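In: My questions concern the predicted model and sequence given below.
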Amino acid sequence: MELKFYILFPTRIASAIQFASILLYPRIVTLSWISRQYTAPEKLGSFLDGAEKIKTRPVLNLSLFVISLRPRYFFQMNILFIGDIFGRPGRNAVTALLPKLKAEFSIDFVVANAENMRHGKGVTIANIAEMQAAGVDFFTSGNHVFKDSSVVEKMDDPAFPLLRPSNYPKGAPGHGYRLVSAPKGKKVLVMNLMGRVFMTADLDCPFREADAILRAHEGHDYDAIFVDFHAEATSEIAALGHYLDGRVSAFIGTHSHVPTADARILNGGTAFQTDVGMVGPLDSVIGAEKQLVIDHFITQMPLKIEVACGPCVFNGVKIEIDPQTKMAKSILPIQRIVD
Ligand SMILES: [Fe+2]
Ligand SMILES: [Fe+2]
């Protein structure tokens, strides 16, 4: 998006503004001006000496400025990332709370982790549509994303707003990153990666995969890079977060369903949190009916997942992006209880 402003100023003021603009707002794409001198006739001499002469003298110097700029460079962007949405209670909590949070925190762009939206495991096309209607713009996922076959078929569609971790081996369906259009003309590169420590899938290296994605987007026009790192081991999450510090705007962990108390801006300007937590039933084992999980641990029999009920905890994080540096200005964990 580009806006053009036409401004008329006396030339001296216009010149000063032009220099100040170049210094203060380097994101102005073009700054041009047309100067016009208006003159008035002036008599020299008189009729008596027979030497009347007419000469023009300057009365007004005007400059017409054409300032062409991309306003998205001037507007900061607030991203809300919502942790793993667990089953119907989680989806209902998002529907109930999200419109209020978007207004309260001036949220421009909402990303949510979708891997548990289908009864605690997986995600369906209908789940995605339901959460889009609630206000979520784009979705990341994790190890449960391939559970529903209908969504797997849809994942190669570049218009379908769901990523799977990018470091799945070549040939896996879907995509692991996308440059997404956000409000205010902004563009966000959303990246989804998965850890390899204590995870069952045999994945490619998330460090090298992140490097490759960033390399592929060098010189591309974007306003922020958001990374959801779906991983179990806090050490692996911290290591990759520091590895990408200063190269991505935000790096947030998912998968444990439990929020960590370490949200902060790293030295290079990247917003970081080891795990954002989930949106799901509070009186549960990470969203699931607790007695079934307790029985599984005691008997070692196969685990049956049932979504728990009762009040839900909503966990998300707001990240404020600096439009000039594309790094984070602030990070704010948001936790609410929804009855
Ligand atoms: Fe999850
Ligand atoms: Fe997971």
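Out: The structure has been received and is ready for your questions. Ligands and ions are numbered 1, 2, ... in the order given.

In: what about the strands in the stretch 51-200 of the chain?
Out: 53-69, 77-82, 84-85, 109-113, 138-140, 177-181, 187-194 (DSSP state E, counting those that start in this stretch).

In: quick one: contacts of the third one?
Out: Under the criterion C-beta atoms under 8 Å, 6 or more residues apart in numbering, residues 90-91, 94, 112-117, 131, 142, 254-255, 257, 278-280, 287 lie in contact with strand 84-85. The C-beta positions use only the backbone N, C-alpha and C, and glycine is treated the same way.

In: what do you get for the fifth one?
Out: Contacts with strand 138-140, where a contact means C-beta under 8 Å, 6+ apart, come from 109-114, 123, 128, 131, 161-163, 178, 180, 188, 190, 192, 228, 230, 254.

In: what about 6 Å?
Out: Strand 138-140 has contacts (C-beta atoms under 6 Å, 6 or more residues apart in numbering) with 111-114, 161-163, 180, 190, 192, 228.

In: And that strand, how far out from the chain middle?
Out: What separates the centre of strand 138-140 from the centre of its chain is 10 Å, taken as C-alpha atoms, centre = their mean, to the nearest Å.

In: quick one: average pLDDT of that strand?
Out: Mean pLDDT, strand 138-140: 98.

In: List the buried residues for that strand?
Out: Counting neighbours by 16 or more other C-beta atoms under 10 Å, one finds that the buried residues in strand 138-140 are 138-140.

In: now, which of those residues sits nearest ligand 1?
Out: Using C-beta to the ion, residue 140 is the member of the buried residues of strand 138-140 that sits closest to ligand 1, with 10.7 Å.

In: The closest one - nearest residue in space that isn't next to it in sequence?
Out: Closest residue in space to residue 140, ignoring its immediate chain neighbours: residue 228 at 3.9 Å, by C-beta to C-beta, 6 or more residues apart in numbering.

In: mind listing what the residue of the stretch 1-150 of the chain found nearest ligand 2 touches?
Out: Here the residue of the stretch 1-150 of the chain nearest ligand 2 is residue 142; by C-beta to the ion that distance is 3.7 Å. Shown in contact with residue 142 (C-beta under 6 Å, 6+ apart): 115, 230, 255.

In: Tell me the spacing between the closest residue to the last one other than its chain neighbours and ligand 1.
Out: What it means is residue 255. Excluding the flanking residues, the one nearest residue 255 by C-beta to C-beta, 6+ apart is residue 230, at 4.7 Å. Distance, residue 230 to ligand 1, by C-beta to the ion, to the nearest Å: 8 Å.
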